[in-house]
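1. I'll drop the sequence and a predicted model, then ask my questions.
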Amino acid sequence: MEVSGILGVVILVLDIWAIVRVIGSGASIGAKILWSLLILVLPVIGLIIWYLAGPK
């Protein structure tokens, strides 16, 4: 049980980090909203997609 709890906290921290990076990016407001929603709705998959295809 402890491993899954630690993994959950790590994913939460990475998601928050990704959302902060999205908000601070130079992307349009619409793109920021869409990326943030994707990361919030699909925490693991959204984070991976954002890392691979998101605004750099």
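-> Noted; the coordinates are in hand.

2. and the top helix by length along the chain, what does it pack onto?
-> Taking DSSP state H as the assignment, the helix of the chain that covers the most residues is helix 2-24. Judged by 3 or more CB pairs under 8 Å, 6 or more residues apart in numbering; DSSP states H and E, the packing partners of helix 2-24 are helix 29-41, helix 43-53. All C-beta spots, glycine's among them, are computed from the backbone N, C-alpha and C.

3. which one of those lies nearest to residue 7?
-> Among the helices and strands packed on helix 2-24, helix 43-53 comes nearest to residue 7, with 9.8 Å by CB to CB.

4. now do the buried residues in that closest one.
-> Under the neighbour-count criterion of 16 or more other CB atoms under 10 Å, helix 43-53 has 43, 46, 47, 50 buried.

5. stretch 27-44 too?
-> 27, 32, 35, 36, 38, 39, 43.

6. using a markdown table, lay out the helices and strands packed on helix 2-24 together with distance to residue 12 and mean pLDDT.
-> Converted to a markdown table, the helices and strands packed on helix 2-24 look like this (distance: least, CB to CB, whole Å; pLDDT from 0 to 100):
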| stretch | distance to residue 12 | mean pLDDT |
| --- | --- | --- |
| helix 29-41 | 11 | 94 |
| helix 43-53 | 8 | 92 |
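
7. would CSV of those helices with distance to residue 11 be doable?
-> Putting these into CSV (distance: least, CB to CB, whole Å) gives the following:
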stretch, distance to residue 11
helix 29-41, 11
helix 43-53, 6
